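In: dropping the sequence and predicted coords here.
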Amino acid sequence: MARKQSDYLAALLAEDEETPDTTPAPVVIDNTPAPRPSGVADEPAPVPGAQAKPAPTPPVSPAPASPPRPAAPGLGPLRGTTLLNRESALARVASGEVRQVTQLLLDPARVRVWAGNARSYAHLSEESCRELIDSIIAEGGQKVPAVVRRIENDPAYDYEVIAGTRRHWSIAWLRANSYPQFQFLAQVAQLDDEAAFRLADLENRARKDVSDLERARNYALALKDHYGNHLTRMAERLKLSKGWLSKMLRVATIPDAIVAAFASPADVQLKPGYALAQALDDKNAQVAILKEARQLAREQDAARSTGRPTVPSPEVLKRLLAAPTAGNSPSGPLFSWDAPMSGRRAVSVLSAGRQGVTIKLHNGTGATTEDLIEGVRAALDALEAQGKGMQR
């Protein structure tokens, strides 16, 4: 056994060393005669007064003496069975059959959060972590360990959190709020940055409180840092759809000035966020959207300061997407077409932009299907002439 394993074995045995029992074991003698096999005659009964011949004593071969098992240094005599079991366990660890896991109780102040984690530590709060905080209090401490790795050359920190940011925040909050006895339970792992990113991503996928925007920005950084800007390679490593990952990366391009228009970054979800990111590709639309976002941000701040409800995310998204046409659109439709028989408006173009053209067909005009088709064709021709036609 290698010296390092021997030292580790000694440390294990020192934790639960037992005092050897020096009392000799009692010898039990069984005088019950064994049953005689069938077909064998019984021996004759002894004749009274006759001297009985002593039964021959079979030679007894002495059992070879087992050499005493050496004790671990400084531990005194040990029980052979315990030592054998632990030697076997260490052999399984050395062979790779069993993996040794190191868990530590740490001061959260000596542990930082890895910058590659998707979760925004700054946005965690007592309210968002309330359920976890109550669980830790009820169970008398943290039961599920976080995953950390050791860091070097940082006098302020010894470890950094790879997975378990909310657990770290909750323990730190509890220690500062009447529970100084709680410690941060962590499992130490040796991971490079790419493996750490994949581990953190797997955990965050199961967390509903990690927003799509947080994950999208995390993916955008990882694409550059770990995968050389190769989208296909990243999708393969993460076992994700390439199309889905591409949409997430587009959401990551939404600037902070527009995110501030929402009550929380968690409100920026994949589907509406992707539509907003597409609208921002138009430089002219981007100016109007940024202006509306600043106005919304002021409204959100005022609502928070006065305790009023914030602007809900569907309303925010609607106002942002409508901003490019809100300021310069005429009071009426962009184009209208009247039915030839009644002279009443039968076709109206309500909006035209990057997302498409909105056309309204009016009821009760007396227009036939062929009339309406002609009206839609006229509307598209008019938009084309204005430079707002359908993109091919």
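Out: Now that the structure is in, tell me what you want to look at.
In: pLDDT value on the residue lying closest to residue 164 once chain neighbours are set aside, please?
Out: Take residue 164 and drop its neighbours on the chain: the residue closest to it by CB to CB, 6 or more residues apart in numbering is residue 146, 2.4 Å away. In short, each C-beta sits where N, CA and C put it, glycine included. The predicted local confidence for residue 146 comes out at a pLDDT of 91.
In: look up how far residue 318 lies from residue 146.
Out: Applying CB to CB, to the nearest Å, one obtains 40 Å for the distance of residue 146 from residue 318.
In: ok, those two, which is more surrounded?
Out: In this view residue 146 and residue 318 are compared by other CB atoms under 10 Å, and residue 146 has more residues nearby, 24 against 12.
In: phi first, then psi, for that one.
Out: phi -80, psi 170 (degrees, to the nearest 10).
In: which residues does it form a beta bridge with?
Out: As for beta bridges, residue 146 partners with residue 186 under DSSP bridges.
In: check contacts around the residue nearest to residue 164.
Out: Applying CB atoms under 8 Å, 6 or more residues apart in numbering, we find residue 146 in contact with 161-165, 167-168, 184-187.
In: buried residues in the top helix by length along the chain?
Out: Under DSSP state H, the helix in the chain containing the largest number of residues is helix 283-306. The neighbour-count criterion (16 or more other CB atoms under 10 Å) identifies 285-286, 288-290, 292-293, 296-297, 299-300 as the buried residues of helix 283-306.
In: end to end, how far does stretch 194-214 reach?
Out: 18 Å (CA to CA, to the nearest Å).
In: list of residues touching that stretch?
Out: For stretch 194-214, using CB under 8 Å, 6+ apart, the contacting residues are 114, 116-120, 128, 147, 149, 162-164, 166, 189, 191, 215, 218, 222, 226-227, 237-238, 248, 251-252, 254, 259, 264-270, 273.
In: let's go with 7 Å and repeat that
Out: 114, 116-120, 128, 147, 149, 162-163, 191, 215, 222, 226, 237-238, 251, 259, 265-266, 268-270, 273 (CB atoms under 7 Å, 6 or more residues apart in numbering).
In: same check, this time on stretch 253-262
Out: Counting contacts by CB under 7 Å, 6+ apart, the residues outside stretch 253-262 that touch it are 213, 265, 268, 273, 276-277, 289-290, 293-294, 296-297, 313, 316, 320.
In: straight-line length of it, end to end?
Out: Between the opening and closing residues of stretch 253-262 we find a distance of 16 Å, counting by CA to CA.
In: just stretch 295-314 next, same as before
Out: By CA to CA, one end of stretch 295-314 lies 16 Å from the other end.
In: now for the lengthiest strand in the chain, which elements pack on it?
Out: Longest among the strand segments of the chain by residue count, using DSSP state E, is strand 345-353. Other elements packing on strand 345-353 under the criterion 3 or more CB pairs under 7 Å, 6 or more residues apart in numbering; DSSP states H and E are helix 313-326, strand 335-338, strand 356-361, helix 369-385.
In: and those, which is most packed in?
Out: Counting by mean count of other CB atoms under 10 Å, strand 335-338 has the highest mean neighbour count of the helices and strands packed on strand 345-353, with a mean of 20.
In: CA atoms of that strand as CSV?
Out: As requested, C-alpha coordinates have been extracted for strand 335-338 and formatted as CSV (Å, rounded to 0.1, in the frame of the first residue of the first chain):
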residue,chain,number,x,y,z
PHE,A,335,-53.3,52.6,-47.0
SER,A,336,-56.9,52.0,-47.7
TRP,A,337,-58.9,50.6,-50.6
ASP,A,338,-62.7,51.0,-51.2
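In: residue 236: neighbouring residues, count only.
Out: Once other CB under 10 Å is used to define contacts, residue 236 is seen to have 12 neighbours.
In: check contacts around it.
Out: Residues in contact with residue 236 (CB under 7 Å, 6+ apart): none are found.
In: so where's the stretch 201-350 of the chain uncertain?
Out: Along the stretch 201-350 of the chain, the parts satisfying pLDDT under 70 run over 206-209, 327-332.
In: count of neighbours near residue 226?
Out: 19.
In: same question for the one 5 residues further on.
Out: The tally of other residues near residue 231 (other CB under 10 Å) stands at 14.
In: that one is in contact with residue 243, isn't it?
Out: No: in terms of CB atoms under 7 Å, residue 231 does not count as a neighbour of residue 243; the distance is 10.1 Å.
In: and stretch 163-180, how far out from the chain middle?
Out: Chain-centre distance of stretch 163-180: 18 Å, with CA atoms, centre = their mean, to the nearest Å.
In: outside of that stretch, which residues touch it?
Out: By CB under 7 Å, 6+ apart, stretch 163-180 touches 108, 111, 113, 117, 119, 121, 124, 126, 129, 132-133, 136, 142, 146-147, 161, 182, 184, 199-200, 203.
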